[in-house]
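> coordinates only, sequence not included:
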């Protein structure tokens, strides 16, 4: 693997608005020559508006979405947005996409979650056809046909729809697409049709699972990349402190939410990550408690060992030591949060 790179993630907004100090941290990321900055969305703030707002003050750092939720926008709208930001930034945009989960897709966006992999494949193909501007764009479907075809319980078309070619020439006809994915088939799809993978939870101590899933995608005829040219940008919580248990306590509620409260019991892609790492019994109990509304008790059961495999916590010397596993992994870029001072320290550790 090459030199490990560093990116900055702004993370999700709180109920009260954007994270404090984010403008200073982004300015520092640009000054330090970091690989990229990333915005996020769930079901509050969106990923595009802040990226455009904050990105306007940057000069060299790449601008990525981690992630745009597919069901929130049509592929044509996402393609238009990507072209727009790519123009405004001088070709620095990375289009990070993901399907989210059934609770958000069906409960918030009012869309079906069925066949997410097939939907992702069609979605990305349409975007790339729009950017290429070879002619008016059509798509056979069945999930995202262009022009609109109706059927499947949907209203009948007017018959007036026609194929359209974008009236904007993109800065780049092949804007990078990274996929947020956690399950093996979705990770393989990222390796097959995308330019990068955005793992939310990654453990460098469990490389075999990720390697096998990625290799399955690289092996498909017509895959866009080999391992050597593919990007893996992993979000890694990072807390520099002498109090390791205190840092773990700070992160436990977040992991309890994802492993115990995101999705129904037995249908939680996030929980599957921890289960594959050997924490099935703990995840079962965390889920039971979380779904009973006993969130504090659920958080208390998140093992410190699990936190330390997914995050970087502790004194500077410990983090420097723990970084060795990440340097030896398939990850090409670490995405970390924090203030400008934290970013400077991490840049010294990661970039030298």
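Structure's in. What do you need? Because the structure is predicted, anything quoted here is derived from the model rather than measured.

> pretty sure residue 66 sits against residue 180.
Yes. Contact criterion Cβ atoms under 8 Å: residue 66 and residue 180 qualify, at 6.7 Å. Quick note: C-beta positions are derived from backbone N, CA and C, even for glycine.

> mind listing the shared neighbours of the two?
96, 198 (Cβ atoms under 8 Å, 6 or more residues apart in numbering).

> so which of those two has more stuff around it?
Between residue 66 and residue 180, residue 66 has the larger neighbour count (other Cβ atoms under 10 Å), namely 27 against 24.

> that one - nearest residue in space that isn't next to it in sequence?
Distance criterion Cβ to Cβ, 6 or more residues apart in numbering; nearest residue to residue 66, sequence neighbours excluded, is residue 38 at 4.2 Å.

> phi, psi for that neighbour please.
With angles defined as degrees, to the nearest 10, residue 38 shows backbone torsions of phi -140, psi 140.

> please apply the same query to residue 31.
phi -70, psi -40.

> and it, how close does it get to residue 7?
14 Å (Cβ to Cβ, to the nearest Å).

> tally of neighbours for the nearest residue to residue 164 once chain neighbours are set aside?
The shortest distance from residue 164 to any non-neighbouring residue, by Cβ to Cβ, 6+ apart, is to residue 136 (5.6 Å). By other Cβ under 10 Å, 13 other residues sit near residue 136.

> what's near enough to touch residue 136?
So residue 136 contacts 162-165 (Cβ under 8 Å, 6+ apart).

> what's the answer for residue 146, then?
Residue 146 makes contacts with 76, 126, 137-139, 163, as judged by Cβ under 8 Å, 6+ apart.

> that one pairs with what?
residue 139 (DSSP bridges).

> and if you look at residue 65?
Bridge pairing for residue 65 - DSSP bridges - gives residue 39.

> how about the helices in the chain?
22-31, 48-55, 75-89, 102-107, 116-132, 184-193, 207-218, 244-256, 269-276, 280-291, 295-300, 304-310, 316-327, 340-351 (DSSP state H).

> can you work out which other helices and strands pack against the third one?
The contact analysis (3 or more Cβ pairs under 8 Å, 6 or more residues apart in numbering; DSSP states H and E) places helix 75-89 against helix 48-55, strand 93-98, helix 116-132.

> make TSV out of the ones you listed and add mean pLDDT.
Output for these, formatted as TSV (pLDDT from 0 to 100):
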stretch	mean pLDDT
helix 48-55	96
strand 93-98	98
helix 116-132	98
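
> residue 339 is nearest to which of the ones you listed?
Minimum separation from residue 339 across these (Cβ to Cβ) falls at helix 48-55, 14.6 Å.

> next, the buried residues of stretch 7-27.
By neighbour count on 16 or more other Cβ atoms under 10 Å, the buried set for stretch 7-27 is 7-11, 13, 18-19, 22, 25-27.

> give me the pLDDT value at the residue nearest to residue 66.
Model confidence at residue 38, given as pLDDT, is 98.

> wait, isn't it in contact with residue 22?
No. Residue 38 is beyond contact range of residue 22, at 11.6 Å (criterion: Cβ under 8 Å).

> any shared contact partners between these two?
residue 10.

> to residue 231, which of the helices of the chain lies closest?
When the helices of the chain are compared (using Cβ to Cβ), the closest one is helix 184-193, at 10.0 Å.

> which helices and strands does that closest one pack with?
Using 3+ Cβ pairs under 8 Å, 6+ apart: helix 184-193 touches helix 116-132, strand 177-180, strand 196-198, helix 207-218.

> which non-adjacent residue is nearest residue 220?
residue 192 (4.6 Å).

> ok, residue 234 next?
Here the residue nearest residue 234, using Cβ to Cβ, 6+ apart, is residue 202, at 4.1 Å.

> residue 55 too?
Per Cβ to Cβ, 6+ apart, closest to residue 55 is residue 63, 4.4 Å.

> for the buried residues of stretch 7-27, which one is nearest residue 120?
residue 9 (21.9 Å).

> measure that closest one to residue 124 for me?
Residue 9 sits at a distance of 22 Å from residue 124 (criterion: Cβ to Cβ).

> can you list the low-confidence ranges for this protein?
Counting by pLDDT under 70, the chain has low-confidence residues at 1-2, 263-264.
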